[in-house]
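Peer 1: Build me a model:
(chains A and B)
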Amino acid sequence: MNTYRVKKRKEKTAAVGKDVGKAAGRAPDRNSARRTEALLLRIMVYCAAALSASVIFIIIAYILITGVPHLSPELFAARYNRENVSMLPAIINTVVMTALSLAIAVPLGVFSAVYLTEYARRGSRLVALVRITAETLSGIPSIVYGLFGFLMFAVYFGWGYSILGGALTLAVMILPLVMRTTEEALMSVPDSYREGSFGLGAGRLRTVFRVVLPSAAPGVLAGVVLGTGRIVGETAALIYTAGTAAGVPGNILKSGRTLAVHMYALYSEGLYMDQASATAVVLLAVTALINFLSAVIAHKLINR
Amino acid sequence: MNRAAVVMNNFREKAMKIVFMAAACTSIASVALICFFLFTNGVPAIAEIGLGEFICGRIWKPESGMYGIFPMIVGSIYVTAGAIIIGVPLGILTAIYMAEFCGPRTYKVLKPAIDLLSGIPSVVYGFFGLMVIVPAVHRLTGVSGKGVLSASVLLGIMILPTIISVAESALRAVPKNYYEGSLALGATHERSVFKVTLPAAASGVLAGVVLGIGRAIGETMAVIMVAGNQAVIPRSVLGGVRTMTSNIVLEMGYAADLHREALIATAVVLLVFILIINLSFSCLKKGK
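Peer 2: As a prediction, this is how the structure comes out:
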């Protein structure tokens, strides 16, 4: 469709240009000014796009080129020690952290979205307040979340640095994300589905769980995938909540670092730059995988 | 249906409604808890140091009891401004390219690449900045390379995907007949895009810029790795700089007592900054 538009546009501008040239005496001059302006704007846009694109490809290429040669089998040894600097414990911690945070944030986010779209009256005060606070939450920087988690879970509850504290902090952080994507998905479910369900005698609750939520599932899943991406990439909110212990903790009330924190720790120790660049490759691969998944889900959403 | 089942059903409906409502209240509770913990721990420190001394004090020397975060506030503003100068024009022009100029084939490559860029963790960006941008600045200028310039360039890159994707969807949401009307009046494609489509999408583009600013001012790990972190007001764009966010992460690990509370108070100031930005933006949106 795009190419078609471009072709058509070219014909059109050419035709208009000719007409103007014939009609007015000074026209060729004005015409060339028009052309120069168009050309300059076009060059500007193309240069900017080329610059952005090259920045992206330089970053990706740099990470791959410096990191891939350092991906050795011992980086994936079962236990971390000073010799092998294994990242496997960090990967396991990341999985645990993601699962825990999602287990907390997804039901809360989905249920609040259900309340907002299916139960609340239009224009109720509570709904307005929920929306404002959710918006506020999504704007709070991750380090502020980290401090909050530190003060509440590590200090006030006395847990110290713990996986659970980190997971709770991250759950609060991704809550608005899950809520918003679910809400959008619920709103796109046609009202006729609900009416049909009510008409068959189902109550509101049954309608929500049997009709509305299943047809909004891909949207909910999109929120889950986005949330996973944020959890995997998060560092600042975890350093002072889950801590930086390098091994896999025996239980979730002990400290353990995720992959991104692991990479930061390697950087700040300053001794393991090669291993840090290998970690960057793994993080990049995880990011790419998450993006791929969310693209697949988005595709499903459109082709329904 | 017998009566007992109906009562049971009604009860279940009511109970679940309360559960849903309670879930909806978690975000309110979260904001309340965040504010409570930060303010109760931070505000006493501000009171003890003195608000003026804390915000306008130019010297941060916790070991000798001097807690002025003015250099950090200035630092945050500098690097954010730098990121805006670099990221916003580039982002908007790239969005224009993607929405109005590029063919479907280029788009198919560029769009996933930009999505990937927005998903890359900030530590990875920091690492890239440390290994590529800092040495490049060092080679060009001769100074250490860690400073406002490197941090601005890196943050400018980091906010690119946010600005591009929000601005692009804003541009695409502009009704096509605006653009066609402009073409019909004899304007070129380029002129129509810049003089008609872009102004019509202004509020959406602005939303992207504000999101980008929020991300830049709140960014921590990447900035720590490239900014040099000296707690002084930088003399030039090459000078080392410490932002409010990095101040917290750098010293929280060993801080105690008033020092720790002063760091929490830094987070309070940061939070107030963010709230002001968001609030002024939503006022701006409502005003239109």
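Peer 1: what about stretch B:190-197, distance to the chain center?
Peer 2: 29 Å (Cα atoms, centre = their mean, to the nearest Å).
Peer 1: can you list the weak-confidence ranges in the chain?
Peer 2: Went with chain A since none was named. Residues of chain A that meet the criterion pLDDT under 70 lie in A:1-28, A:303-304.
Peer 1: That was the other one, I meant chain B.
Peer 2: B:1, B:287-288.
Peer 1: and the residue sitting nearest the centre point of it, what element?
Peer 2: Centroid-nearest residue in chain B, with Cα atoms, centre = their mean: residue B:215, separated by 1.5 Å. Per DSSP states H and E, residue B:215 falls inside helix B:202-218.
Peer 1: Could I get the buried residue list for that helix?
Peer 2: Within helix B:202-218, the residues that count as buried by 16 or more other Cβ atoms under 10 Å in any protein chain shown are B:204-218. C-beta: built from backbone N, CA, C; applies to glycine.
Peer 1: out of those residues, who's nearest residue A:67?
Peer 2: Proximity of those to residue A:67 (Cβ to Cβ) peaks at residue B:215, which lies at 24.7 Å.
Peer 1: What's the separation between that closest one and residue A:31?
Peer 2: 44 Å (Cβ to Cβ, to the nearest Å).
Peer 1: And for residue A:272?
Peer 2: Counting by Cβ to Cβ, the gap from residue A:272 to residue A:31 is 63 Å.
Peer 1: what do you get for residue B:165?
Peer 2: Here residue B:165 is placed at a distance of 37 Å from residue A:31 (Cβ to Cβ).
Peer 1: And residue A:165, by the same measure?
Peer 2: 68 Å.
Peer 1: if you count what's nearby, which of these two comes out ahead?
Peer 2: More crowded of residue A:165 and residue A:31, by other Cβ atoms under 10 Å in any protein chain shown: residue A:165, with 26 against 16.
Peer 1: Disregarding residues adjacent in the polypeptide, which is nearest to the more buried one?
Peer 2: In this structure, residue A:165 finds its nearest non-sequential neighbour in residue A:153, 3.3 Å apart by Cβ to Cβ, 6 or more residues apart in numbering or on different chains.
Peer 1: So the one you found, which state does it fall into?
Peer 2: Following DSSP: H, G, I helix; E, B strand; the rest coil, we place residue A:153 in the helix state.
Peer 1: residue contacts, it?
Peer 2: Residues in contact with residue A:153 (Cβ atoms under 8 Å, 6 or more residues apart in numbering or on different chains) are A:159, A:162, A:164-165, A:168-169, A:241.
Peer 1: and what of residue A:202?
Peer 2: Contacts here follow Cβ under 8 Å, 6+ apart; on that basis residue A:202 touches A:210-211.
Peer 1: where does it land in three-state SS?
Peer 2: Per three-state DSSP, residue A:202 ends up coil.
Peer 1: Got the phi and psi for it?
Peer 2: phi -80, psi 150 (degrees, to the nearest 10).
Peer 1: Get me the contact residues on the stretch 151-300 of chain A for chain B.
Peer 2: For the stretch 151-300 of chain A, the residues in contact with chain B (Cβ under 8 Å from any Cβ of the partner chain) are A:151-152, A:156, A:172, A:175-176, A:179, A:203-205, A:229, A:232-236, A:239-240, A:260, A:263-264, A:267, A:276-277, A:280, A:283-284, A:287-288, A:290-291, A:295.
Peer 1: domain ranges for the chain?
Peer 2: Chain wasn't specified; assuming chain A. The domain map for chain A lists A:2-70, A:76-302, with the assignment taken from automatic domain parsing.
Peer 1: oops, chain B please
Peer 2: Chain B is divided into the following domains under automatic domain parsing: B:3-56, B:69-287.
Peer 1: so how far is the last one from its chain's centroid?
Peer 2: A distance of 7 Å separates the centroid of the chain from that of domain B:69-287, by Cα atoms, centre = their mean.
Peer 1: List of residues touching stretch B:130-144?
Peer 2: Counting by Cβ under 8 Å, 6+ apart, residues outside stretch B:130-144 touching it are A:58, A:62, A:66, A:267, A:277, B:145-147, B:149-150, B:153-154, B:225-226, B:228, B:238, B:240.
Peer 1: Just the buried residues from the residues you listed, in ChimeraX please.
Peer 2: Burial among those is assessed by 16+ other Cβ under 10 Å; the matching ChimeraX selection reads:
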select /A:62,66,267,277 /B:145,146,147,149,150,153,154,225,226,228,238,240
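Peer 1: For chain B, give me its nearest residue in the stretch 1-150 of chain A.
Peer 2: Using Cβ to the nearest Cβ, the point where the stretch 1-150 of chain A gets nearest to chain B is residue A:141, with a distance of 2.6 Å.
Peer 1: and that residue, how many neighbours?
Peer 2: Neighbour count for residue A:141, taken as other Cβ under 10 Å: 25.
Peer 1: circling back: now, of the domains of chain B, which is deepest in the fold?
Peer 2: Mean neighbour count (mean count of other Cβ atoms under 10 Å in any protein chain shown) peaks for domain B:69-287 among these, with a mean of 20.
Peer 1: need the residues of the stretch 151-288 of chain B near chain A, please.
Peer 2: For the stretch 151-288 of chain B, the contact set with chain A under Cβ under 8 Å from any Cβ comprises B:157, B:160, B:164, B:183, B:186, B:188-191, B:193-194, B:214, B:217-221, B:225, B:245, B:248-249, B:252-253, B:263-264, B:267, B:270-271, B:274-275, B:277-278, B:282.
Peer 1: Would you map the helices across the stretch 1-150 of chain A?
Peer 2: Under the criterion DSSP state H, counting those that start in this stretch, helices of the stretch 1-150 of chain A are mapped to A:2-23, A:27-67, A:88-114, A:125-139, A:142-149.
Peer 1: Equivalent analysis for the stretch 51-200 of chain B, please.
Peer 2: Going by DSSP H, counting those that start in this stretch, the stretch 51-200 of chain B shows helices at B:51-56, B:70-96, B:104-119, B:122-128, B:134-141, B:148-173, B:176-184, B:189-192, B:198-200.
Peer 1: want to throw these into a markdown table with distance to residue A:218?
Peer 2: Formatted as a markdown table, the helices of the stretch 51-200 of chain B follow (distance: least, Cβ to Cβ, whole Å):
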| stretch | distance to residue A:218 |
| --- | --- |
| helix B:51-56 | 48 |
| helix B:70-96 | 26 |
| helix B:104-119 | 17 |
| helix B:122-128 | 29 |
| helix B:134-141 | 42 |
| helix B:148-173 | 19 |
| helix B:176-184 | 28 |
| helix B:189-192 | 37 |
| helix B:198-200 | 31 |
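Peer 1: can you tell which of these is closest to residue A:248?
Peer 2: Residue A:248 sits nearest to helix B:122-128 of all the helices of the stretch 51-200 of chain B, at 20.3 Å, using Cβ to Cβ.
Peer 1: if we can go back for a sec, whichever of the residues of the stretch 151-300 of chain A next to chain B end up buried, select them in PyMOL.
Peer 2: This is the PyMOL syntax for the buried subset of those, where burial follows 16+ other Cβ under 10 Å:
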select buried, chain A and resi 151+152+172+175+176+179+204+205+229+232+233+234+235+236+239+240+260+263+264+267+276+277+280+283+284+287+288+290+291
